[in-house]
Structures are given as structure tokens and as C-alpha cells.
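1. Please work out how this folds:
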Amino acid sequence: MTLAEIPVRPSCALPRLHPHASSEDIVSALDRAGCVVVERALAPALLATIGTELDPWFEKALYGDGYFFGRHTKRFSGIFAKTRSTAALALHDAILPAIERYLLGPAEAPLGDCVQLHLTQAIEIGEGVQNAQKFGSEVHDEIYFDENNFKRRTNRAGGLEGGITNGEELRVRGYLKPISTLRKPLHSVDIDTKKDDLAAFERSDITAVPAAGVIGEAMLAIVLANSMREKFGGDSMAEMKQNFDNYTEKLRKY
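-> Take a look at the predicted model:
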């Protein structure tokens, strides 16, 4: 039985849409329930191809530990990197516009500003984490005037001061905690018996940093693009660039 042949249970509370649902329908369901199932979004033949391409990864993945994680369940991440056929899902006529609308949001309230990677423990601009433990004389970037330009020889502030970019390179870094489960489990307690136990092993990947780096860079680009659009406006890239060039030329003449 393929994924496309699995019968739908009418008692399931998840919102379900037909394969030709519009992006508006998908966004509406996400707003209501936080999730949505688009029935048979991909053709059975394509699903079979994806399954075949993922077979080697399923063979290497380990089963979950415990009834909660599923002793007959295998989990691994990075599916889009492991099989090219999944690109059809990412570029789906309804799903891609829905994702763009949901992440970008309207210009007056961009949702990208609110998206968070759940493993992120800290986000710093420049050398923010280190700077918190230093004196101001060791942190602040001194300003110089040379060859008709204001310059700084360091960029410990990461290009942002007082919530305003200062013309230096904008540097943002995220710190991620290790994934929740370990191959060598740590001490824990059974939630039912209250007795000492070992933490369950759930997933077979060892780090989320490579995938999180791609996502973080993409979301930061969306936020910066929204700010760029808000500052320089325009109905086209050409007009926006013209506004930007006029702005930088005015700064050069200051």
C-alpha cells in the first residue's frame, strides 16, 4: 500500500483539503489549526520514486525507543537534501505560494519577524555574547574619517547600533543546543512509575546545524528584504535600486 492509497479516517481532527485546494485555503487552515493535510498533493508514481530514493536512508536509520516515540518508527531529517524528487512538493502550485504568503505576511506585519528556530538558545548581533562580559572600551567600534568617508576599523557591533544599521557589514549568529536525544542516553525518570530510567532514543541524526543554518539565513534574508522594501519602496526592483542609489549618493555628499 502506498501513501496515496491509505484510507482517510473521517474522525481525524486535522483539517484536510483536496489536491486542487488554493493557497488561500491552505493559509486559512494553517491560521485555524496550525497544520493542514493536502490530500494526494503528489501523484502516486512520484511518491513511489521518493520512497525508492529514501530506502537507503531508512535502512540506516534506527528505530525509536519507547512507546511514545514508536519502536517501529524510524525518523531522520533533511529529506529535501536526500532526494531531489521532493522538489516537486516544495514547488507545488498551491503549496509554494501558501508558504511564501505565510512566511512573508503583509508588508505592515511581516510574519518572518516572528519565525523562530526552536533549537536556538541565543542569537547575537556582532560579538554580542562576548561583548556582554567586556568593558565598553573593549566593545565600542571607534569612528574615523578618512578619504572623505566615515570608517570603523572594527565591527564588534555587527553593523547595528541603537536598532539602526551603521553601514558596516551586518553580522548575525545563532547558537543552537544539541538535539534532544542521544545515542548514549542520559539519566531520566519514568513518567508513570516515577522510577529511575534512561532517556529514550528517538532520532538518528546527530546535528541540526547544517539545516538550521540554511533556514536561518533564508529567514534573515526575508526580514531584511521587508525592511529594504519598507525603506526604499517602489513598484519594481529598478525603482527600488534607484531609490537606494539616491540614498547612498546623499550619504556620500554629507
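2. which residue of this protein sits farthest from its center?
-> For the chain, the residue at maximal distance from the C-alpha centroid (C-alpha atoms, centre = their mean) is E147, at 41.3 Å.
3. mind checking the longest helix of this structure?
-> Secondary structure assigned by DSSP state H gives helix 209-232 as the longest helix of the chain.
4. elements contacting it?
-> Helices and strands touching helix 209-232, by 3 or more C-beta pairs under 8 Å, 6 or more residues apart in numbering; DSSP states H and E, are helix 95-104, strand 172-176, helix 237-252. The way it works is simple: take the backbone N, C-alpha and C, and place the C-beta from them, glycine included.
5. Mind doing that once more with 10 Å?
-> With contacts defined as 3 or more C-beta pairs under 10 Å, 6 or more residues apart in numbering; DSSP states H and E, the secondary structure elements packing on helix 209-232 are helix 79-82, helix 95-104, strand 120-125, strand 164-165, strand 172-176, helix 237-252.
6. how about low-confidence regions in this structure?
-> Counting by pLDDT under 70, the chain contains low-confidence residues at 1-12, 66-69, 104-116, 202-205.
7. Could you dump the helices and strands packed on helix 209-232 into JSON lines with mean neighbour count and distance to H20 added?
-> Listed next are the helices and strands packed on helix 209-232 as JSON lines, based on neighbours: other C-beta atoms under 10 Å; distance: least, C-beta to C-beta, whole Å:
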{"stretch": "helix 79-82", "mean neighbour count": "14", "distance to H20": "23"}
{"stretch": "helix 95-104", "mean neighbour count": "16", "distance to H20": "12"}
{"stretch": "strand 120-125", "mean neighbour count": "14", "distance to H20": "37"}
{"stretch": "strand 164-165", "mean neighbour count": "11", "distance to H20": "44"}
{"stretch": "strand 172-176", "mean neighbour count": "16", "distance to H20": "38"}
{"stretch": "helix 237-252", "mean neighbour count": "11", "distance to H20": "32"}
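8. Dump the ones you listed into JSON lines; add distance to D141 as well.
-> Listed next are the helices and strands packed on helix 209-232 as JSON lines, based on distance: least, C-beta to C-beta, whole Å:
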{"stretch": "helix 79-82", "distance to D141": "38"}
{"stretch": "helix 95-104", "distance to D141": "33"}
{"stretch": "strand 120-125", "distance to D141": "13"}
{"stretch": "strand 164-165", "distance to D141": "13"}
{"stretch": "strand 172-176", "distance to D141": "16"}
{"stretch": "helix 237-252", "distance to D141": "18"}
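9. Can you tell me how far E249 is from Q242?
-> Plainly put, E249 is 11 Å away from Q242 if you go by C-beta to C-beta, to the nearest Å.
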